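Student: pasting the sequence and the predicted model now:
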Amino acid sequence: MLLRVRVTLPDRPGTLGQVARTMGVSGADIVQVVVLERLGGRAVDDFTVVWPGAARVERLLAGLAAIPGVRVDGVWRAIGAPTTTGQDAELLAQVAANPAEGVATLVDAVPGLLAADWAVAAAVPVDWAARTGTTGEATVGFASWRAPVPTRLPEVTPLRARAMTAPDGGHFAVAPFGRAGLVLVVARERTGTPAPAAFHATEVDRLAQLVRAGAVILGDRLDLVGAPPVVAKP
C-alpha cells in the first residue's frame with residue numbers, strides 16, 4: 001500500500017540520508033519526497049512510500065524515533081499516485097473544459113492531490129457575516145466518493161483559508177471560493193494509530209490557489225451550488 005510519512009528533522013547534511021536509509025531497512029520503498037518547510041534549522045518533509053501490507057508500521061516509527069532530532073508528525077494511507085508537477089494545471093484545464101461539472105471535478109480530485117480521505121463543496125448563507133447568534137451552518141452541494149453520509153463538517157465560518165483539527169483528531173483544510181458562501185472542505189480522518197498529520201500551511205495555500213483559480217473559471221456557475229432545486233409547475 002501507499003503511505004504518506006511526515007517527518008520533522010534537523011536541516012543539516014546527512015540527516016535526510018539517515019531517514020531514507022532507516023525507511024529502506026524497515027521495508028519502505030520511497031517513491032517521492034516533498035519538502036514542505038525549511039525554517040530555523042529544521043525541515044518538514046513528506047515521504048510517499050510503498051509499504052508491504054503485512055508489515056507493522058511500528059517498526060518504521062521505532063527506527064525513525066532512534067535518529068537524533070527526528071520526529072514523526074504523521075503516518076497515513078495515501079489515495080492515488082504521488083503528486084507530480086503539472087497536476088494542478090491539468091485539473092484546472094479539466095474544469096475549464098467542462099465547467100458544468102467544474103465544482104464536482106475539483107471535489108473529486110483534491111483528496112488525491114492532498115493525500116486526504118474526502119472533500120466536499122459546502123455553502124453557508126450568503127449573509128452569514130451579518131447574522132448574530134448563528135454559526136453559519138454549511139449545506140453540502142457536492143461530495144467526493146469517500147465522504148461520509150451524513151457528512152461531519154467543521155465550523156467553516158469565517159470564510160477564509162485555514163487548517164483545523166476536530167476534537168476527535170480529524171484534520172480539515174478549508175478554502176472559500178469567494179462568492180455564494182461556497183467553501184471547499186478537505187478532510188483527513190483519524191481512524192487508528194498511527195494518525196495522519198494536520199494540513200500544513202503549504203497544503204492550505206495550494207488548496208486556496210486551486211479554489212481561487214476554479215472560481216475565476218466558473219464564475220456565475222458557483223451561484224447554483226447549494227441553491228434549492230427548481231420544481232417545474234404542472
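Tutor: Yep, that arrived. Keep in mind the model is a prediction, meaning the values are calculated, not measured. Numbers count the residues shown, from 1 in each chain.

Student: quickly note the distance from the residue positioned nearest the centre of the chain to residue 72.
Tutor: Central residue of the chain (CA atoms, centre = their mean): residue 114, 4.0 Å from the mean position. Distance of residue 114 to residue 72, computed by CB to CB, to the nearest Å: 19 Å. Glycine gets a C-beta too; all of them are placed from N, C-alpha and C.

Student: would you put the C-alpha positions of the longest helix anywhere in the chain in PDB?
Tutor: In the chain, with assignment by DSSP state H, the single longest helix is helix 201-218. Extracted in PDB, the C-alpha atoms of helix 201-218 (Å, rounded to 0.1, in the frame of the first residue of the first chain):
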ATOM      1  CA  ALA A 201       0.400  25.700   5.600                       C
ATOM      2  CA  THR A 202       1.800  24.900   2.100                       C
ATOM      3  CA  GLU A 203      -1.100  22.500   1.600                       C
ATOM      4  CA  VAL A 204      -3.600  25.000   2.600                       C
ATOM      5  CA  ASP A 205      -2.000  27.600   0.200                       C
ATOM      6  CA  ARG A 206      -2.200  25.000  -2.600                       C
ATOM      7  CA  LEU A 207      -5.800  24.300  -1.900                       C
ATOM      8  CA  ALA A 208      -6.600  28.100  -1.800                       C
ATOM      9  CA  GLN A 209      -4.800  28.700  -5.100                       C
ATOM     10  CA  LEU A 210      -6.800  25.900  -6.800                       C
ATOM     11  CA  VAL A 211     -10.100  27.200  -5.400                       C
ATOM     12  CA  ARG A 212      -9.400  30.800  -6.400                       C
ATOM     13  CA  ALA A 213      -8.400  29.700  -9.900                       C
ATOM     14  CA  GLY A 214     -11.500  27.500 -10.100                       C
ATOM     15  CA  ALA A 215     -13.700  30.400  -9.100                       C
ATOM     16  CA  VAL A 216     -12.300  32.600 -11.900                       C
ATOM     17  CA  ILE A 217     -13.000  29.800 -14.400                       C
ATOM     18  CA  LEU A 218     -16.500  29.000 -13.100                       C
END
